[in-house]
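>>> Need the 3D shape of this:
(one chain, ligands or ions: 1)
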Amino acid sequence: PSLRREGFSSIPDVTWDDVGGLNLIKEVFVDDIVERIKHPEDYEEMRIRMKAGILLFGPPGCGKTLIAQAVANEAGANFILIKGPELLSKYVGESESEVRKLFMRARVNAPCVIFFDEVHALTARGGNEGGAVVERVLAQLLIELDGVVSREGVYVIGATNRIELIDEALLRPGRFDKTIYVPLPSADERVAILTTHARNRTIDADVDLDALARSDKCKNLSGSDLASLMEEAAKLAIKERRQLGNKTSLSIKASHLELALSQIKPSVS
Ligand code: ATP
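From the prediction side, this is the model:
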C-alpha cells in the first residue's frame, strides 16, 4: 500500500550524529555510497565498479534502518523505505509491477537509496500459492538488481534479522554482494548511543552516563532498548515534576534512569 503513495521519497533528516557507534560500518558506506554520490568522477576515473547492493543483518533495533537513513542524508540522496512483505500482493502480476515501479521511482528520484527492510520475506520459498508470488517477486527483484550497476544513481541497502533465510541468488556477485553484520552494541557503543539520545534533553550534571552505559545492567540492551531507556527516564522526569506541582525545572535525574533501567528488559535474548 505504501508504494501507492506515489512519489514518496525524500532526504531523511537522520545524520551521522544520530547514529551511536557502528564506526567501521559508517566507513564502508562513506566509501561505497556517500563519496560515490558526491564525487562520481573520481570513481569513474579510477574505474571502481559500483556495488549493486549492501545487505545489513543482525538483531533487531541495532541501527540498520538508522544508518541507511544517515547514508542518504550524508549523500544528499532521496530515500525510499520498503518492507519486503509489502511487495507481496495477492493479485497475479501486481507484485512484479510494484517492484518495477519501485525501481523506476528510484531512478526518477536519483540519486536515491532504496532501503529494503525484511528482505527475507521475499526469499522464504514454499510450494503454496504465496510461494509462487514470492518466486515472481524475487525474480523481478533480481532483474532490477542486475540493472542497478549499469544505471548509476540508485543504491540498494537491504536489511534482515534472518540471514539464514536469504535466497542464495540474492547474494551472488552483482546483487547483494557485500553483507555486513550489525551486532548488539559494545560497551563503548552503548556509551555513544546513550549520549546520542541524551543530546537534546536536559540531564542533571551528576548523572554518569558513561558508567551507566558500561554497567552490567545495560549489557544486552540494543540501540532501540537504550533509546527507550532514555525516553522512559524523560517521562519519569515529567511525571515527578508534575507530582511536585510543576515548580521545578525539567531534567532527567540519576534516579529516573535507574528506575527506567529496572523496568527495561533486553528485547534480544
Ligand atoms: P529492525 O531489524 O527492527 O528493523 P534496525 O536494526 O533497523 O531494527 P533501527 O530501526 O535502526 O533498528 O533502530 C530503532 C531505533 O533504535 C532507532 O530509531 C534509534 O532510536 C534506536 N537505535 C538503534 N540503534 C542505534 C544506534 N546505533 N544509535 C542510536 N540510536 C539507535
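
>>> Next one, pLDDT for Lys247 please.
At Lys247, the model reports a pLDDT of 84.

>>> Same check on Pro183?
So Pro183 comes in at 96 (pLDDT).

>>> From the ligand, how far off is it?
Distance, Pro183 to the ligand, by Cβ to the nearest ligand atom, to the nearest Å: 10 Å. Every residue, glycine included, has its C-beta placed from N, CA and C.

>>> show me what contacts the closest residue in space to that residue that isn't next to it in sequence?
Among residues not flanking Pro183 along the chain, Gly58 sits closest, at 5.6 Å (Cβ to Cβ, 6 or more residues apart in numbering). Gly58 sits next to Lys64, Asn161, Tyr181, Val182, Pro183, Leu184 when contact means Cβ atoms under 8 Å, 6 or more residues apart in numbering.

>>> Pull stretch 113-127 out as CSV, backbone CA atoms only.
The C-alpha atoms that make up stretch 113-127 are tabulated as CSV, following Å, rounded to 0.1, in the frame of the first residue of the first chain:
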residue,chain,number,x,y,z
VAL,A,113,18.8,4.9,-1.7
ILE,A,114,16.2,2.1,-1.7
PHE,A,115,16.1,0.5,1.8
PHE,A,116,14.6,-3.0,1.7
ASP,A,117,13.7,-4.0,5.3
GLU,A,118,12.8,-7.6,6.0
VAL,A,119,14.3,-8.8,2.7
HIS,A,120,14.0,-12.4,3.9
ALA,A,121,10.2,-12.2,3.3
LEU,A,122,11.0,-12.2,-0.4
THR,A,123,13.0,-15.3,-0.2
ALA,A,124,11.3,-17.8,2.1
ARG,A,125,10.3,-20.3,-0.6
GLY,A,126,7.3,-22.5,-0.4
GLY,A,127,5.2,-24.6,-2.7
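
>>> Please convert the buried members of the contacts of Gly58 into ChimeraX selection syntax.
Those of the contacts of Gly58 that count as buried under 16 or more other Cβ atoms under 10 Å are selected in ChimeraX with:
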select :64,161,182,184
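
>>> Let me know the closest of the contacts of Gly58 to the ligand.
Checking the contacts of Gly58 against the ligand by Cβ to the nearest ligand atom gives Lys64 as the nearest, at 3.4 Å.

>>> Hmm, the closest one is touching Leu56, no?
Yes. With contacts counted by Cβ atoms under 8 Å, Lys64 reaches Leu56, the gap being 4.4 Å.
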